[in-house]
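A.B. asks: just to be clear, the model below is a prediction. Sequence and coordinates:
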Amino acid sequence: MIVTVLRIVLAVAAVINVYGCWSMNKRMAGISKAFLMPLVIAIYFAAIYRSNGEIILAAISIPLLLGMLCGYAGDLFLLKDSLFTAGLAAFLCGHIFYIIAFAKDIVWQPSTALLLLVLVPYIVYILWLKKHLIPFVPKNMKAPVFVYMGAIVAMSVFAFLRFSAVGSGLSAEYIFYTFLGSVLFVASDSILAMTVFKRDVGSFMEVGVMITYVFAQFLIMWGMVHAV
């Protein structure tokens, strides 16, 4: 019941945020954005809440929780254009924590051929960004952007590799949710990068960033907490 209520509240906050982005109401978008990740984190704790009134500490994934907290910090930093670099660093740390959280579920080492096959769409994505985004990135930001690109791609790859644990008791459905969330995170950050560096701004772009971002964070959390 608590989870359902919190999911409804998150949906309402997300709709308000999207409307704020669409109407270019920065105050509405900013205030509602500040509630998104706390609600995702609240849903996470509610989902591992036990009927006896206790939260089983062993059920908490510390790397996942730290990743979500870094996402919240990144959200707050990005409310001010002058703190973009700090926001980038916060999300970078978040992706690293997500990688650690995903890695613990991988039960086999994929063959080189399979890994290369998995990497193909990500390589295509990086090459596309290199052509359509990197030329617009200031020289002093190129290295950080490349590092960030590598981290978010690695995060999504590790999310995919969790499918190796399906035969070990993890749910393929919920592993897919987390993987889909990772892909949406890549999409969200790509749209955001276009708005920041190519100045391809507008309500449609802002809406695209936030819709993909909210779904990304929720699906990553929801898939992780229910995979077992």
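C.D. replies: Looks like it arrived, so ask away.
A.B. asks: any buried residues in the least confident helix or strand in the chain by mean pLDDT, and which?
C.D. replies: In the chain, no helix or strand scores lower on mean pLDDT, DSSP states H and E than helix 112-132, which sits at a mean of 83. Of the residues in helix 112-132, those buried by neighbour count under the rule 16 or more other C-beta atoms under 10 Å are Tyr122, Tyr125, Ile126, Leu129. For glycine as for every other residue, the C-beta is placed from the backbone atoms N, C-alpha and C.
A.B. asks: between those, which is nearest Trp108?
C.D. replies: The nearest member of these to Trp108, counting by C-beta to C-beta, is Tyr122 at 20.0 Å.
A.B. asks: pretty sure the closest one contacts Val157?
C.D. replies: Yes - applying C-beta atoms under 8 Å, one finds Tyr122 in contact with Val157, separated by 6.4 Å.
A.B. asks: sketch out the low-pLDDT regions of the protein for me.
C.D. replies: 50-59, 109-113, 200-203, 227-228 (pLDDT under 70).
A.B. asks: output the longest helix belonging to it.
C.D. replies: Secondary structure of the chain per DSSP state H: the longest helix is helix 172-197.
A.B. asks: export the helix or strand following that one to PDB, keeping only CA atoms.
C.D. replies: Proceeding N to C from helix 172-197, the next assigned helix or strand is helix 203-226, under DSSP states H and E. Included here for helix 203-226 are C-alpha records, laid out as PDB according to Å, rounded to 0.1, in the frame of the first residue of the first chain:
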ATOM      1  CA  SER A 203      10.500  22.900 -24.000                       C
ATOM      2  CA  PHE A 204      10.500  19.700 -26.100                       C
ATOM      3  CA  MET A 205      14.100  19.000 -25.300                       C
ATOM      4  CA  GLU A 206      13.600  19.700 -21.600                       C
ATOM      5  CA  VAL A 207      10.600  17.400 -21.500                       C
ATOM      6  CA  GLY A 208      12.600  14.700 -23.300                       C
ATOM      7  CA  VAL A 209      15.400  14.900 -20.700                       C
ATOM      8  CA  MET A 210      13.100  14.700 -17.700                       C
ATOM      9  CA  ILE A 211      10.700  11.900 -19.000                       C
ATOM     10  CA  THR A 212      13.600   9.600 -19.800                       C
ATOM     11  CA  TYR A 213      15.400  10.500 -16.600                       C
ATOM     12  CA  VAL A 214      12.500   9.800 -14.200                       C
ATOM     13  CA  PHE A 215      11.800   6.500 -15.900                       C
ATOM     14  CA  ALA A 216      15.500   5.700 -15.900                       C
ATOM     15  CA  GLN A 217      16.000   6.200 -12.200                       C
ATOM     16  CA  PHE A 218      12.700   4.500 -11.300                       C
ATOM     17  CA  LEU A 219      13.300   1.400 -13.500                       C
ATOM     18  CA  ILE A 220      16.900   1.000 -12.300                       C
ATOM     19  CA  MET A 221      15.700   1.000  -8.700                       C
ATOM     20  CA  TRP A 222      12.500  -1.100  -9.300                       C
ATOM     21  CA  GLY A 223      14.400  -3.700 -11.300                       C
ATOM     22  CA  MET A 224      17.100  -4.000  -8.700                       C
ATOM     23  CA  VAL A 225      14.800  -4.300  -5.600                       C
ATOM     24  CA  HIS A 226      12.500  -6.900  -7.300                       C
END
